[in-house]
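Peer 1: Could you look at this predicted model? Sequence included:
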Amino acid sequence: MSRFAGKTALITGAGTGIGAAVAKRLADEGAKVILMGRRAEPLEAVAAGMDGTVFVGDASDPDDTAKVVALAQETFGGLDVVVANAGGHGFGTILETDDAEWQASSKANLDTSMVLLRAALPALKASKGAICVTASIASLAAPAGAFGYTVMKHAQIGLVRAIARDFGRDGVRCNAVCPGWVTTEMADEEMDELMERSGLESREAAYAHVTKDVPLGRPARPEEVAAAIAFLCAPDASAITGAVLTVDGGSTIVDVPTLAFG
C-alpha cells in the first residue's frame, strides 16, 4: 500500500513500542517520517531502517515543538500527519500524588499532546491533515493506583474532541486510539513487577494473567495498534473525526459483575 505517498508524518515517542511501530508502518506506506523523542539512540535505531528523520526533543516544550514543525516545513514542504504518541506517567492514588507528581503526569500525558498539536495545527490546516492521539483504555475506565495517568488520559479524549470540533471545517481530522495491554517495553516492566508480586514465572505468564478476562485472551502487538492508527490517518477514514477507537482485544466490552459466571 502507498496510502501516505508524498505525505510527511511526525510521530512522538517514536523510539520504542507503539511509536516505533507507527513510524515503520507509515514509512512502509510511503510517508516521509520524522521521529521525535527525548533519547537519540532509540530514535536513530528505528530511523535507520526507514530513512527517517530524527528530532530529539520534548513534545511538551513549546520551543521544541515549534522547531520540529519548522523542520517538517523547511525539509519536506509541509506536515500532513501527526501522531501524538508520547506519554506514560502518573501512578499512585490521589493521596500519593503530590503537586510535583501531578505536574509530571500532566506534562507526560496531556501537555505532550496539547503543546505539540497547538504548534502543528497551522501546518495541518494548510495540508488538511490528520491527527491521531494515542490515549488508553484508562481514558475510558479507571485502573487502580494510577490516578494521574487516568485523569490525564481521560483529558486526552476531551482534547481530541475539541480539536475535531474546532478544526473540522478546515479539513483537519483528529481521532484517538485507546490501546489495552500491548507488548511494549513499558508494559514489559509492569509485567516484571507483577511477576515479583504474584510469583509468576515469566513475562508470558504475567501477560496471560492480565488478559485472562479479555475476550481475545491476549495482549495486542505494537504493530496491531499501528495498523489502527494508520487507518485513522489515511484517506480510508476521510469521514471519521472525533472518534475513539479501542484496540484492546475487547477489554472494554466485558461486563465485570458477570465474570464469575464465566
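Peer 2: Done, it's in. Residues are numbered from 1 along each chain as shown.
Peer 1: Residue 261 and residue 252, how far apart?
Peer 2: Using C-beta to C-beta, to the nearest Å, one obtains 19 Å as the distance from residue 261 to residue 252. To be clear about C-beta, it is placed using only N, CA and C from the backbone, and glycine gets the same treatment.
Peer 1: How about residue 104?
Peer 2: In this structure, residue 104 and residue 252 are 27 Å apart, going by C-beta to C-beta.
Peer 1: Please report the distance of the residue nearest to residue 244 when sequence neighbours are not counted from residue 15.
Peer 2: Distance criterion C-beta to C-beta, 6 or more residues apart in numbering; nearest residue to residue 244, sequence neighbours excluded, is residue 176 at 4.9 Å. Distance, residue 176 to residue 15, using C-beta to C-beta: 21 Å.
Peer 1: so what's residue 90 scoring on pLDDT?
Peer 2: Per-residue pLDDT puts residue 90 at 84.
Peer 1: what about the strands in the stretch 151-262 of the chain?
Peer 2: In the stretch 151-262 of the chain, the segments counted as strands under DSSP state E, counting those that start in this stretch are 173-179, 244-247.
Peer 1: Neighbouring strands of the shortest one in the sheet, and parallel or not?
Peer 2: When pairing is defined by DSSP bridges, strand 244-247 lines up against strand 173-179 (parallel).
Peer 1: and stretch 27-47, average pLDDT?
Peer 2: Rounded mean pLDDT across stretch 27-47 is 97.
Peer 1: typo on my end, it should be stretch 112-119
Peer 2: Stretch 112-119 comes out at a mean pLDDT of 98.
Peer 1: Not counting it itself, show me its contacts.
Peer 2: Here stretch 112-119 makes contact (C-beta atoms under 8 Å, 6 or more residues apart in numbering) with 12-13, 58-62, 65-66, 68-69, 82, 84, 86-87, 131, 133, 156, 159, 163, 174.
Peer 1: Now the buried members of those residues.
Peer 2: With neighbours counted by 16 or more other C-beta atoms under 10 Å, the contacts of stretch 112-119 contain buried members at 12-13, 58-61, 65, 68-69, 82, 84, 86-87, 131, 133, 156, 159, 163, 174.
Peer 1: Correct me if wrong: residue 56 contacts residue 44.
Peer 2: No - contact between residue 56 and residue 44 fails when scored by C-beta atoms under 8 Å: they sit 9.2 Å apart.
Peer 1: for residue 243, what are its contacts?
Peer 2: So residue 243 contacts 175, 176, 232 (C-beta under 8 Å, 6+ apart).
Peer 1: Can you select the buried ones among those residues for me in PyMOL?
Peer 2: Only the buried entries of the contacts of residue 243 go into this PyMOL selection, using 16+ other C-beta under 10 Å:
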select buried, resi 175+176+232
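Peer 1: Start from the N-terminal end of this protein and give the helices.
Peer 2: Assigned by DSSP state H, the helices in the chain fall at 17-28, 40-48, 62-76, 99-106, 112-127, 147-167, 185-198, 203-210, 222-233.
Peer 1: need the least confident one among the ones you listed, by mean pLDDT.
Peer 2: Among the helices of the chain, helix 185-198 has the lowest mean pLDDT, at a mean of 92.
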